[in-house]
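**Student:** Below: sequence and its predicted model.
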Amino acid sequence: MLIKILVALIFIAMLASLAAGAGWLMKDGGRSRRVLISLKLRVCLATLLLALLVYGFLSGQLGH
């Protein structure tokens, strides 16, 4: 159950980072480092999400 909550929280954090990056892109026109930082954060979160999903499926906590 805990892994499902972690997956959902990481997914929500990815969506928040995407929205923040889009807002900064529109505000700054892509000339600031904030868009790049948001992208780096999304890549890290996606890697963590993938690792959690693989662990969940291999351990039997996700899927049946």
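**Tutor:** It's in.
**Student:** what's the helix or strand for residue 13?
**Tutor:** According to DSSP states H and E, residue 13 maps onto helix 2-28.
**Student:** list the helices and strands that helix packs on?
**Tutor:** helix 33-59 (3 or more Cβ pairs under 8 Å, 6 or more residues apart in numbering; DSSP states H and E). Every C-beta, even on glycine, is put in place using the N, C-alpha and C of the backbone.
**Student:** What average pLDDT does the helix it packs on get?
**Tutor:** Helix 33-59 comes out with an average pLDDT of 94.
**Student:** quick one: buried residues of that helix?
**Tutor:** 34-35, 38, 41-42, 45, 49, 52, 56 (16 or more other Cβ atoms under 10 Å).
**Student:** would TSV of those with distance to residue 16 be doable?
**Tutor:** Listed next are these as TSV, based on distance: Cβ to Cβ, whole Å:
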residue	distance to residue 16
34	14
35	15
38	10
41	10
42	10
45	10
49	14
52	17
56	22
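**Student:** Tell me the predicted confidence for the spatially most central residue of the chain.
**Tutor:** For the chain, the residue nearest the mean C-alpha position is residue 14 (3.0 Å; Cα atoms, centre = their mean). Note for residue 14: predicted pLDDT of 96.
**Student:** does it really touch residue 49, like I thought?
**Tutor:** Yes: Residue 14 lies in contact with residue 49 (Cβ atoms under 8 Å); the separation is 7.0 Å.
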